[in-house]
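Chemist: Quick one, fold the following:
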Amino acid sequence: MEKKNLIIICTGNSARSQMAEAFFRKYAGHQYNIYSAGLDAHGINPYTIRIMEEAGYDLSSHTSKNLSEYYGTIPFDTVITVCSNAEKNCPTIPGVKNKIHWPFEDPAAATGSDEEIMRKFRKVRNQILSQFMECF
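Modeler: Below you'll find the predicted structure:
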């Protein structure tokens, strides 16, 4: 069976879509070629790397990618947006059969102490994993 192409999109490809990409690669990589991108690439957030490392995922070599890098070059079967901005502003991607929206709060907007920010990132990471497990 040929793998289908799936892309996870958020605003900056710095946190939510990176987390989701890691979970998809681990649990659904046998079914899908997994990609993630942002409407604008903001660079991967250091807190994303830290909280994913806590859960056993090494994202230290990941980079933030812009959707334009993939647009029109890879035939995506499924698009998952993980923030309202991406859902609202994502261009139509030709050939997409499944469009899914999972609205998660932006952990990169968290303020406070290092521990408070880490708690926010952990909360969103856990929500993404829970959503993934419910659907896949």
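
Chemist: right, and the secondary structure at the spatially most central residue of the chain would be what?
Modeler: Nearest to the mean C-alpha position of the chain, by C-alpha atoms, centre = their mean, lies Ser17 at 1.2 Å. Classification of Ser17 using DSSP: H, G, I helix; E, B strand; the rest coil returns helix.

Chemist: Report the contact partners of it.
Modeler: Residues near Ser17 by C-beta atoms under 8 Å, 6 or more residues apart in numbering: Ile8, Ile9, Cys10, Ser36, Ala37, Gly38, Val82. For glycine as for every other residue, the C-beta is placed from the backbone atoms N, C-alpha and C.

Chemist: Among those, list the two that are farthest apart in space.
Modeler: Spatially, the most separated pair among the contacts of Ser17 is Ala37 and Val82, at 11.1 Å (C-beta to C-beta).

Chemist: Determine the residues that are contacts of both of the two.
Modeler: Jointly contacting Ala37 and Val82 under the rule C-beta under 8 Å, 6+ apart are Ile8, Ile9, Ser17.

Chemist: just these now: which is nearest Ile100?
Modeler: Using C-beta to C-beta, Ile8 is the member of those that lies nearest Ile100, at 9.4 Å.

Chemist: what's the pLDDT at the closest one?
Modeler: The model reports Ile8 with a pLDDT of 98.

Chemist: Look up phi and psi at it.
Modeler: Main-chain dihedrals, Ile8, degrees, to the nearest 10: phi -110, psi 130.
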